[in-house]
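Peer 1: next come a sequence and a model predicted from it.
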Amino acid sequence: MTDLNGGRIGFGRATGRYFATIISGMIFYIGYIMAGFTSKKQALHDMIAGTVVVKK
């Protein structure tokens with residue numbers, strides 16, 4: 001998981017992303033479904049935290 005510039009994320013951003021996943025799930029998982037329709041494949045909690053998940 002990286003920030004939007006490709007750098008490592010810190011503890012604060014990771015914690016914020018974790019709590020933002022609660023928001024993604026609370027609204028009938030629409031926050032997760034959004035990942036299928038965005039260009040960077042970001043879910044709502046990734047957009048809130050400003051992160052991108054990358055595969056190695």
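Peer 2: That came in fine, so what should we check first? Note that the structure is a prediction, hence the values are computed from the model and not measured. Numbering: from 1, shown residues only.

Peer 1: number of nearby residues for the nearest residue to residue 34 once chain neighbours are set aside?
Peer 2: Nearest non-adjacent residue to residue 34, counting by C-beta to C-beta, 6 or more residues apart in numbering: residue 44, 5.4 Å away. Every C-beta, even on glycine, is put in place using the N, C-alpha and C of the backbone. Residue 44: 21 surrounding residues under other C-beta atoms under 10 Å.

Peer 1: what do you get for residue 6?
Peer 2: Neighbours around residue 6, by other C-beta under 10 Å: 8.

Peer 1: likewise for residue 53?
Peer 2: 13.

Peer 1: do you know the pLDDT at it?
Peer 2: pLDDT for residue 53: 92.

Peer 1: just list the residues touching it, thanks.
Peer 2: Neighbouring residues of residue 53 by C-beta atoms under 8 Å, 6 or more residues apart in numbering: 1, 41, 46.
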